[in-house]
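Novice: Please find the sequence and the predicted model below.
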2 protein chains.
Amino acid sequence: MAEHAPVDLLVVGSVAYDTVETPTETAERILGGSGSFFSVSSAHFCDPGVVAVVGDDFAAEHEALLRDTGVDLSGLQHETGRTFFWRGRYSENLVSRESLATELGVFAEFRPQVPERYTRVPFLFLANIAPELQLRVLDQVEQPAFIGLDTMDFWINGDFENLKKVMARVNAVFINDEESELCTGERNVTKAAKILHSMGPEVVVIKRGEHGALMFTKGDVFYAPAFPLDNVKDPTGAGDTFAGGFMGYLASKNDLSKATMRQAMLVGTVMASFAVQDFSLDGLIRAEKKEILKRYEALRKLTATEPLSL
Amino acid sequence: MAEHAPVDLLVVGSVAYDTVETPTETAERILGGSGSFFSVSSAHFCDPGVVAVVGDDFAAEHEALLRDTGVDLSGLQHETGRTFFWRGRYSENLVSRESLATELGVFAEFRPQVPERYTRVPFLFLANIAPELQLRVLDQVEQPAFIGLDTMDFWINGDFENLKKVMARVNAVFINDEESELCTGERNVTKAAKILHSMGPEVVVIKRGEHGALMFTKGDVFYAPAFPLDNVKDPTGAGDTFAGGFMGYLASKNDLSKATMRQAMLVGTVMASFAVQDFSLDGLIRAEKKEILKRYEALRKLTATEPLSL
C-alpha cells in the first residue's frame, strides 16, 4: 500500500515495545501498543492510519512490518529518546497480569498531531491515552461519522472530568466490566450501560474477556460470546484488536446499522482470537480471510438455535 | 394433576427451608432445596416426580404448593425430625454468598427410596447429594434414556472416588466453572470439558452464572448467554432451576438431538431468569407459557447475526 492512499479509519494510541512473561515463555521487546494492535487488526478490512510516537530505538523492520500490513504511517511521530516500553507478567491461567515496568520514554511528551490529510477521516478511534490528549485529537478533526473510545482505570480515577468531556463527544465506548463498574458505580452491566449511555455514547461495548462482550445500543442488546480456544499464548492487545476489528469492519462497510454493528462485534471477537494465539502481532498478521470467515461462522454456530414451541 | 399420573422425569435431591439474606431484604424459612427448584421448573414442560425427605415441621401448604404446580410427590419421604435448613447471606452485588447455617435434620439419614412406579422413568436427575446416595439411586432404576448429574466442591473434595463412579454412569453433568476446575485441574473450559467427557458423560454443561453456560457434546460446543436482568432479587436455586428447565424440556420432547439440547439450554436459562427475580419458587411459579416463549425469543435475538462476506 502506498504511503498516501486514502485512509478511512484513524487510531490515536501507542506504538510500543513489550516484554511479556507468560508461565511458559518470555518474549523480549516485541512490537506492541494499542495503536499497533488496533491498526493491524483493522487493516484486514479497511485502510487505517495511526497517530503515535516512537523513539530513535524503534526498529526499521517494525515500521516496515506495520506498513506492509496496510497501515498508513504518515502520522507516526519520531522523537529523540526511547519508545514506550512495558513489561508484564501473566498469572498461571493467563487471566490476570501484573505490570513489572512501564517506561514512558517519548510517550511522556506525546502531543498527538493529526496530519492534514487525516482531518476528514470518517472513522476515528481514541485508544487508551490521557483524556486531555483525546480531547486535543477531537479538536483537530472535522466531525467524523463515528468515533470510538477506549480508556482505563488510571484515567477514570485520575482525570474523570476530562474523560467525561471526551465521552460526551464520542459515539461508542469500549470498556471492560471492571472499568464500567468504576465509571458508573454499577456492577450490573444492564444498569451500568444505561448510565454510560447518559454520558454520551449511543453504543456501549462492555468487554468481559473470556466471557465475551456485550453491546448496548439504545433499545437493543447484543451478546458476542468469546471464541473458545484451548491454546491462548499471550492475551496482550486483545481489547485493542477487538476494537480494531469492530471499527475496521464498520469503516469497510461505511454503515452504522444495528445488523452491521452486530457483525462487527463478531469480527472483533474473531480478530482477538487470532491475536491471543501468539505473541505480539504474529497471530493477527497470519490470519487469512478464509480463516476469518471460518471463525466467524463458527461463532455464529456457537449460539445457533431453533425457535421454540410449547 | 392426580398423584399417580405417569412421571417422565425424576429428580432425587433436597426439599428444604432456606432463610435468605440479601443486601435489601431477608426472607425467613422459605421453601427451597434442589428437588423443589428442579421439579417446579421442569413441571412447566413435563410431569416430574421428586424423591426427597422432609421432617414433621414441613408445612402442608408447601406440599400442596409443589403438588399444585404438577410435581408428583409419591417419592417424598416423611421422617420424624426437622426438615433440612439452610441460612445464607449474599454479598452486595449478589454474586457471592456465605452459608451462615446448615442444619441437615432428617436429611442426615436420607436414604433415597425410588418408588416402584418410578423405576422405569426415562429421564433422571441426580441433584447435589452424596455420590454414595446417587449410586444407590442408580441401582434402583432400570437404565433411563438420559441421566443428568449435579454435584459440588464438597463431594469433589470429599468423595471423588464415588463421584467418579457416578460420572461413569450418567449422560450429562451440570457443573459450574469452579467445580469444573476443581474436578479436572483445568481452568480452560474447553480443556476441562474434554477431561469431563473422558470420565463418562457425553454432555458437559459448564455454568458460569451471570456469564451464561456452555454445553460441550462430543464434536460440538454451544453457548447460552445469561438472560440480561437488572432486577435480580435472590439467586438461590438458579442452577437447579436451569437443570430443571433443561431436563424438563428434553423429557417433554423425548428427543436427544443436538438441536433439542440447544433449545433445552435456552429453556434452562429462561427458567433461571424467572427464579432469580423473586424469593423461593415465587418467580418460577408465576412464569407463564407466553412469558417463557417471549424470553426464549429475546435470548435468541441477543446473539442473532447475519452471515459475513468480505
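Specialist: Arrived safely, thanks for sending.

Novice: Next up, the contacts around the closest residue to residue A:238 other than its chain neighbours.
Specialist: Nearest residue to residue A:238 in three dimensions, chain neighbours excluded: residue A:272, at 4.6 Å (Cβ to Cβ, 6 or more residues apart in numbering or on different chains). In short, each C-beta sits where N, CA and C put it, glycine included. Contacts for residue A:272 (Cβ atoms under 8 Å, 6 or more residues apart in numbering or on different chains) come out as A:227, A:238-239, A:241-242, A:245.

Novice: Looking at those residues, which two lie furthest apart in space?
Specialist: A:227 and A:239 (14.4 Å; Cβ to Cβ).

Novice: Compare those two and say which is more crowded by neighbours.
Specialist: residue A:239 (26 against 21; other Cβ atoms under 10 Å in any protein chain shown).

Novice: tell me the mean pLDDT for the host helix or strand of residue A:274?
Specialist: Assigning secondary structure by DSSP states H and E places residue A:274 in helix A:258-275. Mean per-residue pLDDT for helix A:258-275: 98.

Novice: Tell me which helix or strand comes right after that helix.
Specialist: helix A:282-286.

Novice: Can you give me the buried ones in that following helix?
Specialist: Neighbour-count burial for helix A:282-286, counted by 16 or more other Cβ atoms under 10 Å in any protein chain shown, picks out A:282-285.

Novice: by contact count, what packs against it?
Specialist: helix A:34-42, helix A:258-275 (3 or more Cβ pairs under 8 Å, 6 or more residues apart in numbering or on different chains; DSSP states H and E).

Novice: May I see the buried residues of the longest one?
Specialist: Neighbour counts over helix A:258-275 (16+ other Cβ under 10 Å) mark A:260-275 as buried.

Novice: now, which of the residues you listed sits nearest chain B?
Specialist: residue A:262 (4.8 Å; Cβ to the nearest Cβ).

Novice: can you tell me which residues contact the closest one?
Specialist: Per Cβ under 8 Å, 6+ apart, neighbours of residue A:262: A:215, A:222, B:304-306.

Novice: For the residues you listed, pick the one with the most neighbours.
Specialist: Using other Cβ under 10 Å as the neighbour criterion, residue A:215 leads these with 24 neighbours.

Novice: Return the residues in contact with that residue.
Specialist: When contacts are counted by Cβ under 8 Å, 6+ apart, residue A:215 touches A:203-206, A:221-224, A:261-262, A:265.

Novice: Please apply the same query to residue A:115.
Specialist: A:49, A:51, A:74-75.

Novice: Neighbour count says what about those? Which are buried?
Specialist: Buried members of the contacts of residue A:115, scored by 16+ other Cβ under 10 Å, are A:49, A:51, A:75.

Novice: Over to the first one. Which of the three states is it?
Specialist: Going by DSSP: H, G, I helix; E, B strand; the rest coil, the secondary structure assigned to residue A:49 is strand.

Novice: Which of the contacts of residue A:262 sits closest to residue B:198?
Specialist: Nearest to residue B:198 among the contacts of residue A:262 is residue B:305, at 33.2 Å by Cβ to Cβ.

Novice: thinking that closest one is in contact with residue A:266, fair?
Specialist: Yes: Residue B:305 lies in contact with residue A:266 (Cβ atoms under 8 Å); the separation is 5.8 Å.

Novice: what's the overlap in contacts for those two?
Specialist: With Cβ under 8 Å, 6+ apart, residue B:305 and residue A:266 have common neighbours residue A:300.

Novice: What pLDDT does the model give residue A:170?
Specialist: Predicted confidence (pLDDT) for residue A:170: 98.

Novice: got it, and residue A:294?
Specialist: 98.

Novice: same thing with residue A:92?
Specialist: Residue A:92 is assigned 88 on the pLDDT scale.

Novice: give me the number of residues near it?
Specialist: Per other Cβ under 10 Å, the neighbour tally for residue A:92 reads 9.

Novice: what sits against it?
Specialist: Residues in contact with residue A:92 (Cβ under 8 Å, 6+ apart) are residue A:23.
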